[in-house]
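Undergrad: kindly generate the corresponding structure for this input.
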Amino acid sequence: MIEALEGTNNRVRARVMPLLAAIGDPRGREPLIAMLLDRNARMRLIAARCLARFPAPDAVAALERALEKEKRRDVRIAAVHGLVEQYSGGQDGAIRRVLDILLDDEEDCDVRVAAFSLLRALRLNQRRSIVRRLRTDRSDTVRQHAERFAADPAPNSAPSMAEMRGWLERLGDEDYAVWNESVQRLSACGASVIEPLVDTMRVHAERPEYCSRAGIVLKSLGPRRGRALGQALERVVEPLPLQTLIEVIGALGEKSLIYRLKDLIDRLAEQPRGETGFDPCLRVRAKAHVELARIGSRVAIADLREALNSGNGPTDFDMLSAVAKIGKRDELPLLLRAWRREDEFTRRKIADAVRSIMKRERIRRNARILQTLLPEERTALERILPPAGSRSRRTTARKRG
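TA: Now for the predicted structure:
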């Protein structure tokens with residue numbers, strides 16, 4: 001799909017970008033950032049909307065740059081909405097540019113109205129201060145929106161269960177304005193939204209867009225209120241909602257939650273496989289391994305080693321990313337055996353992991369562990385590593401040049 005974005009067929013690219021956003025794989029973020037520079041305005045608009053699903057500092061910076069250079073109103077509106085979602089997803093820096101636009105009376109009125117969606121994500125005292133200022137704005141439209149927000153119930157007041165169920169249902173709406181408002185409303189509910197939101201996400205377990213929006217709400221709760229997610233991990237069994245919970249836990253960065261992913265991995269590993277041996281939760285386990293690896297933990301290394309050694313289908317890229325971060329010399333033979341059975345593209349990922357481990361662990365070519373490799377493993381290692389002396393020859397050639 002990423003390669004499709006480099007093509008010239010705009011119809012294909014317009015379909016691929018929402019798919020990347022729905023999948024939520026971090027590898028889709030940089031290609032979407034690049035699409036913000038596309039010559040076609042519709043491609044830039046779709047990219048801005050989809051980039052909102054990847055909360056990260058570089059995504060915030062890209063959307064801010066787009067607002068500085070973009071002339072098309074609809075693309076600017078999409079970029080503003082994207083920054084609001086980035087803020088709701090835990091990127092606090094995204095608030096600055098949106099506030100600047102909201103309070104700039106020389107900015108396009110429609111773009112300012114789009115920035116109003118930020119207000120529901122703010123604390124009550126912040127919201128009141130900004131609304132008070134906007135009620136005296138030069139623009140009639142802005143003043144009307146400010147009056148409407150002033151008359152709204154306080155977003156921090158506890159909603160009724162009926163109201164919350166309505167917002168949970170509208171979270172799956174196709175209209176951006178409808179589901180985005182639901183995101184803001186639900187985010188303001190605090191930790192009380194976690195249980196009903198997770199239950200509703202399980203009902204919509206086959207809808208990637210619903211799970212992605214639920215993830216935005218959960219990320220906005222912050223580490224302290226998000227600690228209740230640990231209980232949700234114990235009762236959710238559907239792959240897509242589980243992936244969403246893992247991504248949220250990783251984004252929150254709460255180590256006590258991340259370590260609970262070990263229990264999830266163990267539970268999933270014990271589940272019976274089908275007759276074909278296919279593991280429907282392999283991606284879930286892989287994502288959990290990545291989050292543990294990001295904090296340098298090897299508590300689940302036994303399962304990671306088993307996954308590398310299983311040979312049931314292609315090696316998962318997230319598993320390789322995890323072992324590249326925390327793998328040691330004992331994992332090298334497993335990677336070399338996996339290299340022999342994989343296709344050329346996966347082999348490159350495995351080779352990167354092998355080189356990463358050897359560099360981090362300071363393993364030289366003549367290390368004792370490499371001398372104990374089986375012949376086929378040694379052959380794989382020789383294919384992965386550049387020939388001995390090639391680096392020095394290249395260095396000498398550059399000096400002569």
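
Undergrad: mind listing what's buried in stretch 57-70?
TA: Neighbour-count burial for stretch 57-70, counted by 16 or more other C-beta atoms under 10 Å, picks out Ala59, Val60, Ala62, Leu63, Glu64, Ala66, Leu67, Glu70. In this view, the C-beta of every residue, glycine as well, is placed from N, C-alpha and C.

Undergrad: assign the first one to helix, strand or coil.
TA: In terms of secondary structure, Ala59 is helix; the call rests on DSSP: H, G, I helix; E, B strand; the rest coil.

Undergrad: for it, give me its contacts.
TA: Listed by C-beta atoms under 8 Å, 6 or more residues apart in numbering, the contact partners of Ala59 are Arg29, Leu32, Ile33, Leu51, Ala52, Gly82, Gln86, Gln91.

Undergrad: can you pull out the low-pLDDT segments for the stretch 151-300 of the chain?
TA: In the predicted model of the stretch 151-300 of the chain, residues 152-158, 273-278 satisfy pLDDT under 70.

Undergrad: for the contacts of Ala59, could you give me a markdown table that also reports pLDDT, distance to Asp137 and secondary structure?
TA: Output for those, formatted as a markdown table (pLDDT from 0 to 100; distance: C-beta to C-beta, whole Å; DSSP: H, G, I helix; E, B strand; the rest coil):
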| residue | pLDDT | distance to Asp137 | secondary structure |
| --- | --- | --- | --- |
| Arg29 | 85 | 35 | helix |
| Leu32 | 90 | 33 | helix |
| Ile33 | 91 | 33 | helix |
| Leu51 | 87 | 29 | helix |
| Ala52 | 83 | 26 | coil |
| Gly82 | 90 | 24 | helix |
| Gln86 | 85 | 25 | helix |
| Gln91 | 83 | 27 | coil |
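
Undergrad: Phe54 touches Arg29, doesn't it?
TA: Yes. With contact defined as C-beta atoms under 8 Å, Phe54 and Arg29 form a contacting pair (4.3 Å).

Undergrad: outline the domain layout of the protein.
TA: The record's domain parsing of the chain by automatic domain parsing lists 1-154, 161-259.

Undergrad: give me the neighbour count for Val16.
TA: Neighbourhood size, Val16 [other C-beta atoms under 10 Å]: 22.

Undergrad: I'd like the domains of the chain laid out as TSV, including distance to Ser356.
TA: What follows is those, written out as TSV (distance: least, C-beta to C-beta, whole Å):
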stretch	distance to Ser356
domain 1-154	17
domain 161-259	20
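
Undergrad: tell me which of the ones you listed sits nearest to Val299.
TA: When the domains of the chain are compared by C-beta to C-beta, domain 161-259 sits nearest Val299, at 6.8 Å.

Undergrad: so which of the buried residues of stretch 57-70 are in helices?
TA: Per DSSP state H, helices hold the following members of the buried residues of stretch 57-70: Ala59, Val60, Ala62, Leu63, Glu64, Ala66, Leu67.

Undergrad: from those residues, which single one is nearest Val198?
TA: Ala59 (25.3 Å).

Undergrad: hang on, the earlier thing: now for the ones in helices among the buried residues of stretch 57-70: which two are most distant?
TA: Maximum distance among these (C-beta to C-beta): 13.0 Å, for Ala59 and Leu67.

Undergrad: so what secondary structure elements neighbour the helix or strand hosting His81?
TA: In this assignment (DSSP states H and E), His81 forms part of helix 73-88. Secondary-structure packing of helix 73-88 (3 or more C-beta pairs under 8 Å, 6 or more residues apart in numbering; DSSP states H and E): helix 41-51, helix 57-69, helix 95-103, helix 109-115, helix 176-187, helix 208-220.

Undergrad: other residues contacting the fifth one?
TA: Helix 176-187 is touched from outside by 49, 81, 84-85, 88, 117, 120-121, 155, 159, 163-164, 167-168, 170-173, 193, 197, 213, 216-217, 220-221, with contacts defined as C-beta under 8 Å, 6+ apart.

Undergrad: export it as PDB, just CAs?
TA: Below are the C-alpha coordinates for helix 176-187, written out as PDB (Å, rounded to 0.1, in the frame of the first residue of the first chain):
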ATOM      1  CA  TYR A 176     -16.400  13.900  10.300                       C
ATOM      2  CA  ALA A 177     -18.100  16.700  12.200                       C
ATOM      3  CA  VAL A 178     -20.500  14.200  13.900                       C
ATOM      4  CA  TRP A 179     -17.900  11.600  15.000                       C
ATOM      5  CA  ASN A 180     -15.300  14.300  15.900                       C
ATOM      6  CA  GLU A 181     -17.700  16.000  18.300                       C
ATOM      7  CA  SER A 182     -18.400  12.600  19.800                       C
ATOM      8  CA  VAL A 183     -14.600  12.100  20.300                       C
ATOM      9  CA  GLN A 184     -14.400  15.500  22.200                       C
ATOM     10  CA  ARG A 185     -17.500  14.700  24.300                       C
ATOM     11  CA  LEU A 186     -16.300  11.300  25.300                       C
ATOM     12  CA  SER A 187     -12.800  12.500  26.000                       C
END
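
Undergrad: what angle sits between whichever helix or strand comes after that helix and helix 176-187?
TA: Counting by DSSP H and E, the element after helix 176-187 in chain order, helix or strand, is helix 194-203. Angle of helix 194-203 versus helix 176-187, following axes from the mean of the first three to the mean of the last three C-alpha atoms, to 10 degrees, is 140 degrees.

Undergrad: buried set for helix 194-203?
TA: Ile194, Pro196, Leu197, Val198, Thr200, Met201, Arg202.

Undergrad: from the residues you listed, which is closest to Leu45?
TA: Once C-beta to C-beta is applied, the member of those that ends up nearest Leu45 is Met201, at 27.6 Å.

Undergrad: that closest one and Tyr210 touch, don't they?
TA: Yes. When contacts are counted by C-beta under 8 Å, Met201 is listed as touching Tyr210 (6.7 Å).

Undergrad: tell me the secondary structure at Gly90.
TA: Going by three-state DSSP: Gly90 is coil.
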